[in-house]
Structures are given as C-alpha cells and as structure tokens.
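Enquirer: Have a look at this prediction, sequence included:
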Amino acid sequence: MKSPLRHLAPRWPTARSTPASPWAFRLGLAAVIAHFLVSVNLMYMVGIDYNAPGGNIFVKLHPGTFFALAGATLVLFGGRHAEGLRRLYAERPGLATFLTLMPILAVFSVISVGFSGVAVYIESYIAPGLLLVALTAGTPKQRRLLAYVVLGFALLNVAISVGESLNQAHMIPLQIGDADMEKLQAQADVDEFRGAALYDHPLTGAMVTAIALFMLLGMQLPGLVSGIAFAVLLIGLFSFGGRAAMGMSVVMLAVCTAATLARGLVTRRLSGGFIAAIVAGLLFLPPLVAFVLTSTDIGARLVSHLYYDDSAAVRHQQWEVLDHTNFRDMMFGVSPDRMMELKAEIGLDAATTDIENFWLIMFLNLGVIGFGLYLIAFFAFMIHLGRSTKHPLGWVVLVTMIIVASTSNSLGRKCSDLDFLVACMVGLSGFAGVWRTVPARLRPRLAFASPLRRPSSIGAEPAANHAFGLGKPSRRSSMTLAGLSQP
C-alpha cells in the first residue's frame, strides 16, 4: 500500500544529461582518491615543498584540484550555451554564492595583503566547491559507490595509523612547517606519538574518521559489517589522538541515540535493529576501549593529554593577537610579515606553534570588510551541503566537522578538509532514506563498472523514481560493490 505521505515528497526537476556528464563524476571520484592518496607529507618527501610561498603553480596545487576543476568544467560548460552554469545559479543559489564570492575574496586578499596566501582560497575553498559540482553530477548509485570509497579509505588509514602507533614511527615522515617532526618525535615520550597515516596531519585523520563514522551510520549496511567498521573507526579516533574529534563524536552519538530512542518511544515504533545495536555497543565497546587503552600504545597521547596542556594554552593565547592589531589591520587584514610580528609579540613564534583557529586566521587575513563576505560564502556553502544530503545525519556530519575544524588552523591554511567533507556528504546523499522499488532479481549483484557508466547531470534524481513508504521495515539489505540490494 502506498503511503499518503508520498505527496509530500520533494519534487525535483527531471535530470537532463549532457555528453560530458558521465566523465564529470569519474573526474570527481579521481579527485577524492587523489586527496586520500597524495598528502602534503608525501609531496614533501618526493621533493615538492607544497606549503612554501612562490614556485610553479602546476606544482604548488594539489593533483585533486585539477581533477575537480576538469569535472566541474564538464558539468558547467559541457552543454549548449553553458547550460550547466545557468542551472547552477537557478537551482543551487547557495553553491553559486560560494563559488562567486570566494574568487572575489581571493582578489581582495591579493589587493589588501599581497599574493602570499591566495592559494588558500583556491585549494581549501574553491576546489571543494568545484568538487561538489563534479560529484553531484552522479546518480544515487554512483554516490553510494563514492561512500564505499570514502569508508574504505577511512578504514585503511585507521589500520595504517594503528600500525604506526604500535611501531612508534610514521609510514610517511610527518612535516609541519619547517619543523622536522620525526626528529622531534624521537626526542619525545612514547605518550606524545600519534599516527597520521596518509593524511597531512593527525588532526585531519581524526576529523575524517569522525565524519566517516556518522556517514557509516547512514549507509544502512548489514549489522555485522556496520559493527566491525564502527569499532575500527572508534579505534582510529584514539589512534589519531584528536580530543575535539573524540569529544564531538561521543556527544553527537549520544544526541543521535537519545533522539532516535525518544522518537521511537513516542511513535511506538522502535526498531529491533536499533535496540540490538545499542545492546551490542554496551556489551562490546567498553571492553574493546579498555583493552586498547591499557594493553597498547594506541590512544596514549589522547589519554595523557586530557588536561589543560600547552596545546590548549596556545588556543587561549592566540586571541591576544587582537589586542596588538591597529585600525588598518582590523579593517583590511594583516600581511604575512605583519602576522609574524604579531605572533612574536604574543609568544607564538616557535616552529611548532601557530594560531590554531581558522576563524581567527581568516579574519586576520581579510579584516572586517572581507570577513563579512567570507561568513556569507562559508555558511551558504555549509547550508547547501546540509540540505543536499536529504538525510538527518548530514547535519550531524556538518556540525561535527565545523566544530572540530574550529579547534585547528586547517581551513586557514592549504588543506583538503572541505574536500573530504564534500565527498562524505555526497556519498551520504546516496542513502537519503528513499529506496528504489526495482525488484531484487533485476539488480546485478557484482556491478563493478555500472555506476561509472550511468549518465547524469547537475540535477537530482526525479522524485518519480523513489518510493516514500512508511510501512513495515524492509528485509535486511546487503552490500555489493556497486550499491545496495535487497534480497
């Protein structure tokens, strides 16, 4: 029986494909894989000083940026008369606002404080926006494929990080600024080590692991698969040693559990799978965490730094820089040389210390005038991302990422954090609570290449292809390499 609520389903315009659209998603997927495989540390190890000012732009930009640019170009300019570009401004004003204001802010920064730092806008902001354009050209099945790729890399990085923690050595030497982190690590205590895996920094690994954990909860995988993956990602949070990521994960998990439980009690429709997941978590997770913390070096730094340490003191001390700025600095931004002076005045001139809040960094770079536009662009992008997932966990992922990122300087420097967020959110949108009604016997079990062959466009899949039933729960789903099928 069809639910009467089907009339409340969102009505999206019919997707119109272009000859270039199948390649757009492939290029976007290639960009995501490049961001997972090619870190700043790897580039530095092969002789590319990614973070140094100056140099050849084709070397100074991340490979994933070029893939994202190519994919977005196919979507926006692949049709007649730039049809994709017109549809972007007509149908996705939040993303269009972001992609319009960020280049303007980059130009404003160049005029105000010089060319140094302009690559931050290209790599950390414009490139993720272009990546979103390329990836959302995919079909729901392609987006689910993207989610499996993100989850697979997240689990792989946890395994590498655990191995690094057990061996007390990074697989790829860690490079932060001009500091030789491997030499500093050799002089530090065992409790100071935390793995970085294939990421730029351990805090990046902690953030990606946290958002991948919530993406996992929305993927509707079989119970045993979800349980094992959840446990691995939880161990990863200990291994990467991010206190903010761990704290936010615990808080948001508690909020989600309480909300789901309350809704189930009110509607008298508590899922047996949900109850089983809670019971299994209470039975198995505490002993697992106790074993990891007491019998291994995994999470040693996280546990040993559960107090107001030097890192926390820097995050308080950094705000003193505002007391040393003049009128020109406040209104139009601070030049790199002036920034070094201000940091020295407040005692943040050591090789391993810096301003650890990207909001403050962007304010100092843009001043009051530019920072107002930055807030409009940033939150337009975030709101668009949250709405585009059409999944409650999308907002959980978004809030978690913003709060965790606010405890570091990642988005104030060249980084891939927003690229990882975009990949996670687009992947989650493939599991938006709407299931196809195609019989299972008509679905391929092992469709390796079918998600990459489907044509797509910038628009969402039409509502006519979805079923919005609220009847009895469907039979347990099983995961294939191309998507979900219901036996």
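Expert: Sure, I can see it.

Enquirer: so what's the residue most central in space within the chain up against?
Expert: Geometric centre of the chain, nearest residue: Leu421, 2.1 Å, by CA atoms, centre = their mean. Residues near Leu421 by CB atoms under 8 Å, 6 or more residues apart in numbering: 128, 211, 385, 397-398, 401. No exception for glycine: its C-beta is placed from N, CA and C like everyone else's.

Enquirer: Those residues in strands, which ones?
Expert: Nothing among the contacts of Leu421 maps onto strands, per DSSP state E.

Enquirer: Let me have the residues you listed in JSON lines, extended by neighbour count and pLDDT.
Expert: Listed next are the contacts of Leu421 as JSON lines, based on neighbours: other CB atoms under 10 Å; pLDDT from 0 to 100:
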{"residue": "Pro128", "neighbour count": "28", "pLDDT": "96"}
{"residue": "Ile211", "neighbour count": "28", "pLDDT": "94"}
{"residue": "Leu385", "neighbour count": "26", "pLDDT": "94"}
{"residue": "Val397", "neighbour count": "26", "pLDDT": "93"}
{"residue": "Leu398", "neighbour count": "20", "pLDDT": "94"}
{"residue": "Met401", "neighbour count": "26", "pLDDT": "93"}
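
Enquirer: counting residues per helix, which one in this protein is longest?
Expert: helix 358-388 (DSSP state H).

Enquirer: Please compute how far that helix lies from its chain's middle.
Expert: Its chain's C-alpha centre and that of helix 358-388 lie 17 Å apart, by CA atoms, centre = their mean, to the nearest Å.

Enquirer: can you tell me the helix or strand for Gly64?
Expert: helix 63-77 (DSSP states H and E).

Enquirer: Flag every buried residue along that helix.
Expert: Buried residues in helix 63-77, counting neighbours by 16 or more other CB atoms under 10 Å, are found at 64-76.

Enquirer: Would you indicate which residues of the longest helix of the chain are buried?
Expert: 358-367, 370-371, 373-374, 377-378, 380-386, 388.

Enquirer: just to revisit the earlier point, which of the contacts of Leu421 fall in helices?
Expert: Short answer: the contacts of Leu421 in helices (DSSP H) are 128, 211, 385, 397-398, 401.

Enquirer: Please convert those to TSV, extending it with distance to Phe291.
Expert: What follows is these, written out as TSV (distance: CB to CB, whole Å):
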residue	distance to Phe291
Pro128	38
Ile211	26
Leu385	37
Val397	28
Leu398	33
Met401	29
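
Enquirer: ok so, going back, for whichever helix or strand comes after the helix holding Gly64, enumerate the helices and strands it packs against.
Expert: Note on helix 63-77: by DSSP H and E, the next helix or strand toward the C-terminus is helix 83-91. When contacts are defined as 3 or more CB pairs under 8 Å, 6 or more residues apart in numbering; DSSP states H and E, helix 83-91 sits against helix 63-77, helix 93-113.

Enquirer: try 6 Å
Expert: Applying 3 or more CB pairs under 6 Å, 6 or more residues apart in numbering; DSSP states H and E, we find helix 83-91 packed against helix 63-77.

Enquirer: can you redo the buried residues of helix 63-77 as TSV with distance to Ser335 and pLDDT?
Expert: Formatted as TSV, these follow (distance: CB to CB, whole Å; pLDDT from 0 to 100):
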residue	distance to Ser335	pLDDT
Gly64	29	94
Thr65	25	94
Phe66	29	94
Phe67	33	95
Ala68	29	95
Leu69	29	95
Ala70	34	94
Gly71	35	94
Ala72	32	94
Thr73	33	92
Leu74	38	91
Val75	37	91
Leu76	34	90
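
Enquirer: picking that back up, which strands and helices sit next to the longest helix of the chain?
Expert: Using 3+ CB pairs under 6 Å, 6+ apart, helix 358-388 is in contact with helix 93-113, helix 327-332, helix 392-405.

Enquirer: Tell me which of those helices sits most buried.
Expert: Comparing the helices and strands packed on helix 358-388 by mean neighbour count (mean count of other CB atoms under 10 Å), helix 392-405 ranks first with a mean of 21.

Enquirer: Go ahead and produce PDB holding the CA coordinates of it.
Expert: Taking Å, rounded to 0.1, in the frame of the first residue of the first chain, the C-alpha atoms of helix 392-405 are listed here in PDB:
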ATOM      1  CA  PRO A 392      19.300  13.900   9.100                       C
ATOM      2  CA  LEU A 393      22.800  12.600   9.600                       C
ATOM      3  CA  GLY A 394      24.100  15.100   7.100                       C
ATOM      4  CA  TRP A 395      23.600  17.900   9.600                       C
ATOM      5  CA  VAL A 396      25.300  15.800  12.200                       C
ATOM      6  CA  VAL A 397      28.300  15.400  10.000                       C
ATOM      7  CA  LEU A 398      28.300  19.100   9.200                       C
ATOM      8  CA  VAL A 399      28.100  20.300  12.800                       C
ATOM      9  CA  THR A 400      30.800  17.800  13.800                       C
ATOM     10  CA  MET A 401      33.200  18.900  11.100                       C
ATOM     11  CA  ILE A 402      32.700  22.700  11.800                       C
ATOM     12  CA  ILE A 403      33.300  22.300  15.500                       C
ATOM     13  CA  VAL A 404      36.300  20.000  15.100                       C
ATOM     14  CA  ALA A 405      37.800  22.200  12.400                       C
END
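
Enquirer: wouldn't Cys418 be in contact with Pro128 here?
Expert: No, residue 418 isn't Cys; it's Leu. Yes. Using CB atoms under 6 Å, Leu418 is in contact with Pro128, at 3.7 Å.

Enquirer: Phi and psi next, for Gln175.
Expert: phi -130, psi 120 (degrees, to the nearest 10).

Enquirer: Find the nearest non-adjacent residue to it, please.
Expert: Nearest non-adjacent residue to Gln175, counting by CB to CB, 6 or more residues apart in numbering: Tyr44, 4.6 Å away.

Enquirer: where does that neighbour land on pLDDT?
Expert: Note for Tyr44: predicted pLDDT of 86.

Enquirer: Now for it, how many residues are close by?
Expert: 18 (other CB atoms under 10 Å).

Enquirer: which SSE is it in?
Expert: In this structure, Tyr44 is located in helix 40-45 according to DSSP H and E.

Enquirer: What are the buried residues along that helix?
Expert: Neighbour counts over helix 40-45 (16+ other CB under 10 Å) mark 40-44 as buried.

Enquirer: Name the nearest residue to Ile402, ignoring sequence neighbours.
Expert: Met382 (6.9 Å).

Enquirer: typo on my end, it should be Leu101
Expert: Of all residues not flanking Leu101 in the chain, Ala377 sits nearest, at 3.8 Å (CB to CB, 6+ apart).

Enquirer: Over to Gly218?
Expert: Leaving aside its chain neighbours, Gly218 sits nearest to Leu393 (4.2 Å; criterion: CB to CB, 6+ apart).
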